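**Q** Here is my input, please return the structure:
(2 chains)
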Amino acid sequence: MVRYLQKRLLLAIPTIMLTSIVVFLMLYLIPGDPASIYLGDKTATPERLAEMRHIMGLDRPLYVQYGDFVWKALHGDLGRSLQTGQPVSKEIRDRLPNTAALAIAAMALAIVVGVGLGILSGLNRNSWLDTVSMSVALVGVSVPIFWLALLLIMLFAVRLQWFPATSQPGLRGLVLPAVSLALLSAATLARLVRSSILEVLQQEYLTTARAKGLRRAAVVLRHAIPNALIPVITVIGLQFGSLLSGAVITETVFARPGLGKLVVDSIQNKDFPVVQGVILVLATIYVVINLLVDVAYAVIDPRIRLR
Amino acid sequence: MRDATSAAVASAEPLVALQRKPRSLWGDALRRLAANKGALIGVVVFVVILLMAVGAPWLAPFDPVKLNPIDSLQPPSARHWMGTDQFGRDVLSRVIYGSRTSVAMGFVAVAISVTAGSVLGLISGYYLGAADMVVMRLVDVMLAFPGILLALVIIAILGPNLVSAMVAVGISGMPVFIRVVRGSVLTLRETEYIEAARVIGCRNARIIARHILPNALAPIIVLATLGIPSAIISGAALSFLGLGIKPPTPDWGAMLSNGKDFVSSAWWLTTFPGIALLLLVMAINLFGDGLRDALDPRLKL
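**A** The predicted model follows:
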C-alpha cells in the first residue's frame, strides 16, 4: 500500500513540475517580446522596454528565471495582474471559493443522480425507467453546457422566476449553474454505471451467493453494487476535471465571479500573469485530485494494492 | 458409395467455395452497421447537415452578414422562419452558414488529433525506450490540464482566432489517440507476423506502415468518429467564450453567446442555433456508437 502510494506520488510530482514548466514557458511561446507583452502597449520606448526586461529578469538565463518563478509560486507570489495591479494570488483566493462551491455542488449532484439512475437502470434492464434514463443520458452527453445553461435560464429564471438568472451568493444562486454543470457528468456516470452493473450481474460469484441462500436484495446491495462501482471511481476523478473545465463556461453564462470567468477574461485582456497563475492552480488541483482518486481506488480494490 | 453424381458434387465443391466471396472484417462491420437503426438515423441527419454546409450559398434565403436594422429582433415569421437578431440578420441563414464552421472545426481538429496522436503513438509504442518515456510524459502533462484548459493555454499563446481554435482543439484531443495507438502497437509488435517481417529484413518504417498501422486502424476510426462531436462542441464553446472565430462570420457558438444577452426578450436567438448544434452532435454520436458496435462489440471503447 505504501509502495503504491510512493509510486503514485513519484509520478505526480514530475507531472506537476512539467506542467509548471509549460505554464512558465507560455509567456515565451507567444510571438513577440515578453517585455512588450507585459507592458501592454506596443508603442513602448526602447528605454522602457529595456527597463521592463530588467525588472522582469529577462536578461537572466532561462533556468534561473524558471527557478525564480517556482520559488515565488511556492511562496504564494504569482505576480501582479496587468489589468488591476492586484497580486494574482489575491485574485485567485477571492474567487476560488466560488468555483469550489460550484464544482462540489455539481459533483455531488452528478454522483447522486448519475450513479443512482445508473444502478436503477442496470438492475431493471429494458424497463421504462431504463429506456427513459438512457435516452435522457444520450441527450445529456450531447447537449453543450452553454446551451443547456441558457435554456435553464429561459425556463426557470425568466419564465418561472424560480431562480436568479445571474449568480448570487447563497444556495438559490447556485442551483441553475450547478444543474447545468452536473448534467453532462451525471449522464456519463449513468451510462457507465449501468454498463458496469450489467457486466457484474453476469458474474458467477453472484450466482454462488444466491445458491448459498442470500436474498436477492442482499446479493445486489452487498456484492453487485460495490463491485460495479470500482471502475466508476476513476471516472469520477476524470469527471472532476470535466467539471473544472465546464465551470469556465458556466461561470461565464451566469456571470459568476469564479476562477473560470477570471481565466477567460484574462485571456481576452491579455493579462498573462493572471492566466499563468490560474492555469497553474487549476492544473495542480486536478493532478492532486486524481492522485487522491487513485489512492481511494487502491483502498477500495485490494487487487491494485497487491500488484 | 461413391457414384458419378457424388463424385461430380465432390469435385464441384472446391469451385463453389472459391466462388463464394470471402467475408472480410470491413464487410461484416458494414453489414452490422447498416442494421443499426440509430446509426442510420445518425448518418442521414449528418449528411443533411453536411449538404447544408456545402450548399449554404444556395440554401440560405438571406445574406447572413448584411446589417438590416429595420428588421431587428423579429420573432419567427413566414418571412424569417427563425426570426432575426438585433442587427436584423436572418437567423435561419446564419444557422445554415454556421454549419460550415462547426463541421470544419470537427473535421480539422480531429484530423490534427488523429494524425499527430497516431504518429506519436506509433513511435512511442514501436521504438519504446527514451521515445516512449518522452511521449508518455507529454501525455501526462497534457492530461494534467482539465478539459478546455489546455485549449485555453494554446489560445492564450496563439491569440484568439479560428485557426488557433482548431489547433487548440486538435492538440487537446491528441492524448487519447496517442494512448490507444500505442496500446495497439504494443500488442501487435509481439505477434509472429511482425517477427517474421523483421527476420526477413523489413525496415522498421515499412513494418510500421504496412503491417502495424492497418491493424491498429479499427480503434482509430471509432475514436475519430466519436471525437468529432466533442471537437465540434469544444469549438463552439471557444467561440461562445469569444475566443474562437471573429464576428461577423456566422458560427453557432458565437450566435449562442450573442443570444445570451437577449434571453428574456428574443428566445429564438438561443433556441435555433442550439438545436442545430444538438442535432449535429447527436447524429454523429449515434453513428459513432453504431460504428463502434459494428467494428467489434468486444472493443469496449
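
**Q** now B:Val167: how far from chain A?
**A** Using Cβ to the nearest Cβ, to the nearest Å, one gets 13 Å for the distance from B:Val167 to chain A. Glycine gets a C-beta too; all of them are placed from N, C-alpha and C.

**Q** can I assume that residue is in contact with B:Leu158?
**A** Yes - contact criterion Cβ atoms under 8 Å: B:Val167 and B:Leu158 qualify, at 6.7 Å.

**Q** tell me the pLDDT at the one residue in the stretch 101-250 of chain B that gets nearest to chain A?
**A** Taking Cβ to the nearest Cβ, chain A has its nearest neighbour within the stretch 101-250 of chain B at B:Gly147, 2.2 Å off. On pLDDT, B:Gly147 comes in at 78.

**Q** check contacts around it.
**A** B:Gly147 makes contact with A:241-242, A:244-246, A:248, according to Cβ atoms under 8 Å, 6 or more residues apart in numbering or on different chains.

**Q** Out of those residues, list just those in helices.
**A** Mapping those onto helices (DSSP state H) picks out A:241-242, A:244-246, A:248.

**Q** Closest one of the residues you listed to chain B?
**A** Using Cβ to the nearest Cβ, A:Ser245 is the member of those that sits closest to chain B, with 2.2 Å.

**Q** re the thing from before, out of the ones in helices among the contacts of B:Gly147, which is nearest to A:Leu58?
**A** Nearest to A:Leu58 among the ones in helices among the contacts of B:Gly147 is A:Val248, at 30.1 Å by Cβ to Cβ.

**Q** So that closest one sits against B:Phe240, correct?
**A** No - in this structure A:Val248 lies outside contact range of B:Phe240 using Cβ under 8 Å: 10.5 Å.

**Q** Show me what secondary structure element comes after the helix or strand where A:Ile55 lies.
**A** Taking DSSP states H and E as the criterion, A:Ile55 maps to helix A:46-56. For helix A:46-56, the succeeding helix or strand toward the C-terminus, using DSSP H and E, is helix A:62-74.

**Q** Touching that following helix from outside, list them.
**A** With contact meaning Cβ under 8 Å, 6+ apart, helix A:62-74 is reached by A:20-21, A:24, A:28, A:57-58, A:60, A:78-79, A:280.

**Q** The same query, at a cut-off of 6 Å, please.
**A** A:24, A:57 (Cβ atoms under 6 Å, 6 or more residues apart in numbering or on different chains).

**Q** Please apply the same query to stretch B:259-266.
**A** A:153-154, A:158, B:73, B:269-270.

**Q** hang on, isn't A:Val193 packed against A:Gly116?
**A** No - the pair A:Val193 / A:Gly116 is not scored as a contact, 8.6 Å apart, by Cβ atoms under 6 Å.

**Q** More neighbours: these two, which one.
**A** Comparing A:Val193 with A:Gly116 by other Cβ atoms under 10 Å in any protein chain shown, the one with more neighbours is A:Val193, at 26 against 15.

**Q** what's the spacing between the spatially closest residue to that one that is not a sequence neighbour and A:Ile153?
**A** Nearest residue to A:Val193, sequence neighbours excluded (Cβ to Cβ, 6 or more residues apart in numbering or on different chains): A:Gly118, at 2.7 Å. Applying Cβ to Cβ, to the nearest Å, the value for A:Gly118 to A:Ile153 is 28 Å.

**Q** Neighbour count: those two, which is higher?
**A** Between A:Gly118 and A:Ile153, counting by other Cβ under 10 Å, A:Gly118 is the more crowded of the two (28 against 24).

**Q** Tell me who's in contact with that one.
**A** Each residue near A:Gly118 by Cβ under 6 Å, 6+ apart is listed here: A:190, A:193-194.

**Q** between the residues you listed, which is closest to chain B?
**A** Nearest to chain B, judged by Cβ to the nearest Cβ, of the contacts of A:Gly118 is A:Arg194 at 14.2 Å.

**Q** any idea of the pLDDT on A:Leu150?
**A** A:Leu150 is given a pLDDT of 90.

**Q** One more: A:Lys42?
**A** 57.

**Q** near chain A, which residues of chain B show up?
**A** Residues of chain B lying close to chain A by Cβ under 6 Å from any Cβ of the partner chain are B:140-141, B:144-148, B:153, B:156-157, B:233, B:237, B:240-241, B:256, B:263-264, B:267, B:270, B:274, B:277-278, B:281-282, B:285.
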